[in-house]
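# how would this look folded up:
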Amino acid sequence: MSDLARLQAGFQSAVLDGDTAFEQDIVSTARVDARRRVDIYSQAYRLRLIEVLQENYPGLHVLLGTDRFATLARRYVEATPSTYRSARWYGGGLADFVEQCIDTESRTLLIEMARTDWAMGLAFDAADTASITADELASVSPGQWGALVFDFHPSLQRLDLLYDTPPMRGRLVAGESVDAPEPRDAPRAWTFWRMALRVHYRSLDVDEALALDAAREGAPFADLCAGLTEWIDEQNAPMRAVELLKQWLVDGMITRFRMTGA
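Numbers count the residues shown, from 1 in each chain. Just a heads-up that it's a prediction; the model follows:
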């Protein structure tokens, strides 16, 4: 190992694990000794990651309050060193961490808020891809519709939530007061996506949620129609599928269509 590589490895161990062996490579002065110099970097590393988590989880930050969020974030930083070149992607496991380490009546809401924060961040930062319009489907002959499959915008995210967390998040981040929410008896489906540099979200009926999930997994249009017959009679299922498809096109969710196997 070269001297530079040894110093880099020692510095990393000192910052992440508190390894004191690296202090022998640091010059002490009358004002600041080696341990204090290393500690400055160690604390700066943790404070920066806590700041990143606060930026990535604005809803959870407001919901918990600054002090409780800082405590949670510091615990997460200690348990989860960053492995990313860009700090933007740090913190994707925070919702799972909340699920493991928090045991309060508001635990489910906190988990959902964390998942919503992360989903909206992913939607905002996803790659930019042009969406198609309904006019572009006009060239498809009726006999080909059953084999149509669709590609969706990279920003599209899906969550199932017991609380109406997305609109609640919007009010919290805007500084508005929010009444104590009540959970639903069963989760509601939500989708998030970016259009015109803005993240949008809306709740989904059960049939749309399952159709959207199936379409994203590559199910052809004929299978979407067949799946909808669980809620709609066979004669009207194709019309409902077309209605959903039109909404996805209006929302800018679809980027490409092709035939099965193409």
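
# and this protein, what are its domains?
1-103, 124-262 (automatic domain parsing).

# which one of these lies nearest to residue 109?
Residue 109 lies closest to domain 124-262 among those, at 5.4 Å (C-beta to C-beta). In short, each C-beta sits where N, CA and C put it, glycine included.

# from the chain's centre, how far out does the closest one sit?
Remark: domain 124-262 is offset 16 Å from the chain centroid, using C-alpha atoms, centre = their mean, to the nearest Å.

# separation between residue 160 and residue 44?
Using C-beta to C-beta, to the nearest Å, residue 160 is found at 39 Å from residue 44.

# before we move on, what about residue 163?
Taking C-beta to C-beta, one finds residue 163 at 36 Å from residue 44.

# compare those two (neighbour count), which wins?
Just comparing residue 163 and residue 44: by other C-beta atoms under 10 Å the higher neighbour count belongs to residue 163, 20 against 11.

# that one is in contact with residue 184, isn't it?
Yes: the criterion here is C-beta atoms under 8 Å, and residue 163 meets it with residue 184 at 7.4 Å.

# so which strand or helix has the nearest residue to residue 195 once chain neighbours are set aside?
Nearest in space to residue 195, with sequence neighbours left out and distances taken as C-beta to C-beta, 6 or more residues apart in numbering, is residue 252 at 4.2 Å. For residue 252, there is no enclosing helix or strand under DSSP states H and E.

# tell me who's in contact with residue 230.
residue 207 (C-beta atoms under 8 Å, 6 or more residues apart in numbering).

# is it in a helix, a strand, or coil?
coil (DSSP: H, G, I helix; E, B strand; the rest coil).

# residue numbering should commence at 27 henceforth.
I'll keep to 27 as the first residue from here, and by that count the last item is residue 256.

# distance of it from residue 190?
For residue 256, the distance to residue 190 - C-beta to C-beta - is 25 Å.

# are we agreed that residue 217 is in a helix?
No: under three-state DSSP, residue 217 sits outside any helix and is assigned strand.

# is it true that residue 172 touches residue 245?
No: with contacts counted by C-beta under 8 Å, residue 172 stays clear of residue 245, the gap being 11.2 Å.

# ok, the nearest residue to residue 172 once chain neighbours are set aside - contacts?
Excluding the flanking residues, the one nearest residue 172 by C-beta to C-beta, 6+ apart is residue 248, at 3.6 Å. Applying C-beta under 8 Å, 6+ apart, we find residue 248 in contact with 171, 172, 173.

# pLDDT and neighbour count for these - can I get that in a markdown table?
Output for the contacts of residue 248, formatted as a markdown table (pLDDT from 0 to 100; neighbours: other C-beta atoms under 10 Å):
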| residue | pLDDT | neighbour count |
| --- | --- | --- |
| 171 | 93 | 17 |
| 172 | 94 | 16 |
| 173 | 95 | 15 |
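
# residue ranges in the protein under the pLDDT threshold?
Applying pLDDT under 70 to the chain flags the ranges 27-28, 30-31, 33, 35-49, 51-53, 56, 58, 60-62, 64-68, 287-288.
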